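> A predicted structure for the sequence below; I have some questions about it.
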Amino acid sequence: MRSVKPIEMQYGRTKVCLHKPPYLFGSPNSAFPERTGRFIVTEINGSWVTEMDLSGHVYWSIHPPGIAYPSDTNQAGLNELITTDYSYPGQILIFTNTGKVIWRFRRWVKMHYTLRLR
């Protein structure tokens, strides 16, 4: 039987979804390490991307420009990040940690509405 170890460190609180890192996070959906040893945390509620380290120091938090549902944000280059927008129809964005858009791919989908008369 495998022994279960207790949690040694946790940022945020279970079942509390607010943006106040490192104490609270708004439905975090990813945390990826950077080459610097810091982490990029993506939050669904409020559309936040935050850079922090394991000591809990927050370096910056930003709303990726034009992104409604950021997901799986990763480091793309020095001070550049890549994220996907999980909202329909979706998009991919490369941006800086100050909010400057470097590159964006999105497919515009024309919405068709049908009015049914009885």
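Yes, it's here.

> and the residue positioned nearest the centre of the chain, what are its bridge partners?
Per CA atoms, centre = their mean, the C-alpha nearest to the average position across the chain is that of residue 42, at 2.2 Å. Here residue 42 sits in beta bridges with residue 30, residue 49, as judged by DSSP bridges.

> wait, isn't it in contact with residue 69?
No. Residue 42 is beyond contact range of residue 69, at 9.6 Å (criterion: CB atoms under 8 Å). C-betas here are computed from N, CA, C, even on glycine.

> Sort out which residues of stretch 47-67 are buried, please.
Judged by neighbour count using 16 or more other CB atoms under 10 Å, the buried positions of stretch 47-67 are 47, 48, 49, 50, 51, 52, 58, 61, 62, 64, 67.

> quick check: mean pLDDT across it?
Stretch 47-67 carries an average pLDDT of 96.

> what's the closest residue to residue 67 other than its chain neighbours in contact with, if anything?
Once flanking residues are discounted, residue 67 sits nearest to residue 85: 4.6 Å by CB to CB, 6 or more residues apart in numbering. Contacts for residue 85 (CB atoms under 8 Å, 6 or more residues apart in numbering) come out as 64, 66, 67, 68, 69, 70, 71, 91, 92, 93, 106.

> What separation do you get for the first one and residue 40?
Pointing back at residue 64 there. 11 Å (CB to CB, to the nearest Å).

> Just give me the neighbour total for residue 69.
Residue 69 is flanked by 16 other residues according to other CB atoms under 10 Å.

> Isn't it up against residue 48?
No. Residue 69 is not in contact with residue 48 according to CB under 8 Å; the separation is 11.3 Å.

> need the longest strand for the protein.
Taking DSSP state E as the criterion, the chain has its longest strand at strand 70-77.

> coming back round to it: what is in contact with residue 64 and residue 40 at once?
The contact sets of residue 64 and residue 40 overlap at 49, 73, 81 (CB under 8 Å, 6+ apart).

> Perfect, that will be all.
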